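>>> the amino acid sequence is not available; the structure is as follows:
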């Protein structure tokens, strides 16, 4: 018989109750909870090994978020009709949870931990990703797995000028700010989101609103843990330490590590010098040193590098490459670097380089984004590739990992803010290939993507740039340093990784991970202001490279034109069983796409050549045009009858050219006058509104011959 489950609830506002429950499902996991709001139910489980694997020297945390299609009463559309690998949306949600949870575990905790969050019941209006991290944290809170603090995560959106915590799907569709924020009771831990050029002050306000809501959720988790009666946290095996080896490594290498760090050399030279010194450190222990001692010596050497470089930056204000704290590395950028893509740009910042291309497609190339709750199509696609050679490494080529998906998503969300609306007919694919990497290749992707979009002729109103910020703190004396445009090494040894993208007028995207306690809002404001200055510096260089989008797409890019027609004409353009639209595409070499939008039809025409585009546009305009009495038309003879000829004077519209309207002379038949396929100019002289038949005339366009009397022909006849 199942034991009585324990519950804890809180109000998100406006009567939106969220309930956390444990003790009923998945009871063999170390921790398991369900989180429910409305009909949305998430199941979160956590399991941890009791001992670390032998020789393991890192913390192996795995987090997977998955949405079961059955939760929304749907069957997956795949061939096997079952859920397969995580899609990008699930990967991104998994990353949001992982980034918030990871700092909670003790630094010396090396046991495998697996967190699984599953959507088991879906609500069409409730966004489950906003509840996923709450569920994961609650599962940890009711377990005996050692964590330092309890956290939660919320979405904050600004809708019609008001901040809303965990908005509904309908509300989110109208938001101009959308941020996911994770925090403990005291400190922010993670931020990710986008906005339509919000100010730094608006972003700070969103953080404050989120933190207030998170504190309520943390209290609910603490109450649930008390009800369950969790008695402390489990003991665990800590990694082997040796103070004597630590002291020996420090005395041997401290000054030389400082000299290498201060030299301002390139990444390759600096890495080579560090590696040679590490070998000397290990060799200094002699041949009698055990494998354990050598491993500890290498670990303490890396720890020494971390400490020396941080102190150098804090005390001497010197960075690894010799820059000042707020200085952006040298910039170099070009557009139109590749002949065949529809747009391209090469952006280099220091030792980070992105080659980005633009490809235009039709609405048929839209990307299907499918989740349990709904399926959407996107006309803007961005793919980010990070090959091993970009860091001088050798690795097997595999599909994109979670890092690539996350970095690409940040760039996509940032550039999307400047993309034209749904009336822009092209599907646009941006591909960023990272050719070199030493610090924030995602920000290089944003800059290169913006340049390439303008090079392709996409009507984006402004450039978007991005800069990665770092923070180094020393709690013992309160010193801190904010770093602009961080290197890869500075990212590793810093206390905050803070990426900000935007235009001259505001923020478009943010991704932030904080690794320390006690980051004040004042420090956050200072970091945002320094990031703004760095962003503006990069933007200035980008505008000098290309100031505005090209006036038209490149000659080899597909041409596009969009026509708005009355809804009643959609059928006429398509024709019976698609006959007309297929004929238009076949005869003009174009691709024609028709969508019904309200009272109108949107006709998008794509062609690799201008001639074909113009021909298709004229054809469709002819179909939807309304004939006017008195207008003249070039017509084609379709058939000959004893009483006249039927001619097509507009696409899909035929009328009778009566034999009496062909010539001023009386004709017995049309033999030798007209035949099928002839082109003849006619005038519309009438419409029978009862039958819809058109009356045409040729003779009215021919000068009427003058009538001559017999006496005029023979004056002497009188």
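All right, it came through fine. Everything numeric here is computed off the predicted structure, so don't read it as measured data.
>>> residue 356 contacts residue 455, correct?
No: the pair residue 356 and residue 455 fails to qualify as a contact (Cβ atoms under 8 Å) at a distance of 9.5 Å. Where C-beta positions appear, they are placed from N, C-alpha and C, glycine not excepted.
>>> out of the two, which sits in the busier spot?
residue 356 (32 against 26; other Cβ atoms under 10 Å).
>>> and that one, which of the three is it?
Following DSSP: H, G, I helix; E, B strand; the rest coil, we place residue 356 in the strand state.
>>> that older thread, quick check: neighbours shared by residue 356 and residue 455?
Counting by Cβ atoms under 8 Å, 6 or more residues apart in numbering, the common neighbours of residue 356 and residue 455 are 344-345.
>>> spatially speaking, which residue is in the middle of this protein?
residue 412 (2.9 Å; Cα atoms, centre = their mean).
>>> how about the nearest residue to that one once chain neighbours are set aside, what does it touch?
Nearest residue to residue 412 in three dimensions, chain neighbours excluded: residue 382, at 3.9 Å (Cβ to Cβ, 6 or more residues apart in numbering). Contact analysis of residue 382 by Cβ under 8 Å, 6+ apart lists 408, 411-412, 415, 429-432, 445, 449.
>>> neighbour-wise, give me the winner out of those residues.
residue 445 (33 neighbours).
>>> doesn't residue 445 fall inside a helix?
Yes: counting by three-state DSSP, residue 445 is located in a helix.
>>> just the strands in the stretch 451-600 of the chain please.
465-474, 479-484, 496-503, 506-514, 559-566, 591-597, 600-607 (DSSP state E, counting those that start in this stretch).
>>> turn those into JSON lines, columns for mean pLDDT, mean neighbour count and distance to residue 254.
Formatted as JSON lines, the strands of the stretch 451-600 of the chain follow (pLDDT from 0 to 100; neighbours: other Cβ atoms under 10 Å; distance: least, Cβ to Cβ, whole Å):
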{"stretch": "strand 465-474", "mean pLDDT": "92", "mean neighbour count": "25", "distance to residue 254": "17"}
{"stretch": "strand 479-484", "mean pLDDT": "91", "mean neighbour count": "20", "distance to residue 254": "19"}
{"stretch": "strand 496-503", "mean pLDDT": "92", "mean neighbour count": "25", "distance to residue 254": "26"}
{"stretch": "strand 506-514", "mean pLDDT": "92", "mean neighbour count": "24", "distance to residue 254": "28"}
{"stretch": "strand 559-566", "mean pLDDT": "86", "mean neighbour count": "16", "distance to residue 254": "63"}
{"stretch": "strand 591-597", "mean pLDDT": "87", "mean neighbour count": "16", "distance to residue 254": "67"}
{"stretch": "strand 600-607", "mean pLDDT": "88", "mean neighbour count": "22", "distance to residue 254": "65"}
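>>> how about those strands, which one is nearest residue 180?
Nearest of those to residue 180, taken as Cβ to Cβ: strand 506-514 at 10.1 Å.
>>> next, the angle strand 496-503 makes with the closest one.
170 degrees (axes from the mean of the first three to the mean of the last three Cα atoms, to 10 degrees).
>>> relative to strand 506-514, what are the paired strands and their orientations?
Partners of strand 506-514 in the sheet, by DSSP bridges, are strand 188-198 (antiparallel), strand 496-503 (antiparallel).
>>> now the element after the longest one, going C-ward?
Which is strand 188-198. Once strand 188-198 ends, the next helix or strand along the chain (criterion: DSSP states H and E) is helix 200-228.
>>> for the helix or strand just after that next one, what is the distance to the chain centroid?
Toward the C-terminus, helix 200-228 is succeeded by helix 243-262 as the next helix or strand (DSSP H and E). Remark: helix 243-262 is offset 44 Å from the chain centroid, using Cα atoms, centre = their mean, to the nearest Å.
>>> where does the protein dip in pLDDT?
1-3, 518, 689, 707-718 (pLDDT under 70).
>>> try it again with 50
Counting by pLDDT under 50, the low-confidence segments of the chain come to 1, 713, 715-718.
>>> re the thing from before, so where does the residue nearest to residue 412 fall, helix or strand?
Counting by DSSP H and E, residue 382 is part of strand 380-385.
>>> given that strand, what are its sheet partners and their directions?
Short version: by DSSP bridges, strand 380-385 pairs with strand 427-436 (parallel).
>>> chain center to the partner strand, what's the gap?
Averaging C-alpha positions (Cα atoms, centre = their mean) puts strand 427-436 12 Å from its chain's average.
>>> go on, stretch 662-681?
That offset, for stretch 662-681, works out to 63 Å (Cα atoms, centre = their mean).
>>> ok, and what's touching that stretch?
Contacts for stretch 662-681 (Cβ under 8 Å, 6+ apart): 632-640, 642, 644-645, 647, 657, 659-660, 698-699, 701-702, 704-705.
>>> filter those down to the buried ones, PyMOL style.
Buried subset of the contacts of stretch 662-681, written as a PyMOL selection, criterion 16 or more other Cβ atoms under 10 Å:
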select buried, resi 633+635+637+640+644+645+647+657+659+698+699
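>>> can you map out the strands along the stretch 601-718 of the chain?
With DSSP E, counting those that start in this stretch as the criterion, the stretch 601-718 of the chain has strands at 632-641, 644-650, 653-658, 679-688, 693-697.
>>> now the fourth one: buried residues?
The neighbour-count criterion (16+ other Cβ under 10 Å) identifies 680, 682-684 as the buried residues of strand 679-688.
>>> adding distance to residue 120 as columns, could you present those residues in JSON lines?
Shown next, in JSON lines, are the buried residues of strand 679-688 (distance: Cβ to Cβ, whole Å):
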{"residue": "680", "distance to residue 120": "71"}
{"residue": "682", "distance to residue 120": "70"}
{"residue": "683", "distance to residue 120": "71"}
{"residue": "684", "distance to residue 120": "66"}
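>>> of those, closest to residue 292?
Of those, the one sitting nearest to residue 292 (Cβ to Cβ) turns out to be residue 684, at 97.7 Å.
>>> pretty sure the closest one contacts residue 625?
No: contact criterion Cβ under 8 Å: residue 684 and residue 625 do not qualify, at 11.7 Å.
>>> element containing the closest residue in space to residue 249 that isn't next to it in sequence?
Of all residues not flanking residue 249 in the chain, residue 300 sits nearest, at 4.3 Å (Cβ to Cβ, 6+ apart). Take DSSP H and E as the rule and residue 300 turns out to sit in helix 291-316.
>>> helices and strands around the helix or strand that that helix is followed by, which ones?
Using DSSP H and E, the next helix or strand after helix 291-316 towards the C-terminus is strand 331-335. Using 3 or more Cβ pairs under 8 Å, 6 or more residues apart in numbering; DSSP states H and E, the elements in contact with strand 331-335 are strand 343-349, helix 441-456, helix 521-545.
>>> report the angle between the longest one and strand 331-335.
I take that to be helix 521-545. Using the same axes, to 10 degrees: helix 521-545 against strand 331-335 is 50 degrees.
>>> need the contact partners of helix 521-545.
188, 200, 203-204, 207-208, 326, 328, 331, 333-335, 349, 447, 450-451, 463, 465-467, 469, 471, 480, 482, 484-485, 496, 498, 500-504.
>>> same check on the first one?
For strand 343-349, contacts defined as Cβ under 8 Å, 6+ apart pick out 328-338, 353-358, 436, 443-444, 447-449, 451-458, 485, 538, 554, 557.
>>> and those residues, which are buried?
Taking 16+ other Cβ under 10 Å as the criterion, what is buried in those is 328-329, 331, 333-337, 353-358, 436, 443-444, 447-449, 451-458, 485, 538, 554, 557.
>>> end to end, how far does stretch 367-384 reach?
16 Å (Cα to Cα, to the nearest Å).
>>> actually stretch 8-16, not the one I typed
End-to-end for stretch 8-16, by Cα to Cα: 14 Å.
>>> got the contact list for it?
So stretch 8-16 is contacted by 17-20, 37-38, 165-166, 213, 216-217, 219-221, 223-224, 227 (Cβ under 8 Å, 6+ apart).
>>> which one is residue 228 nearest to, not counting chain neighbours?
residue 142 is the one closest to residue 228 (Cβ to Cβ, 6+ apart), at 5.0 Å.
>>> many thanks, have a good one.
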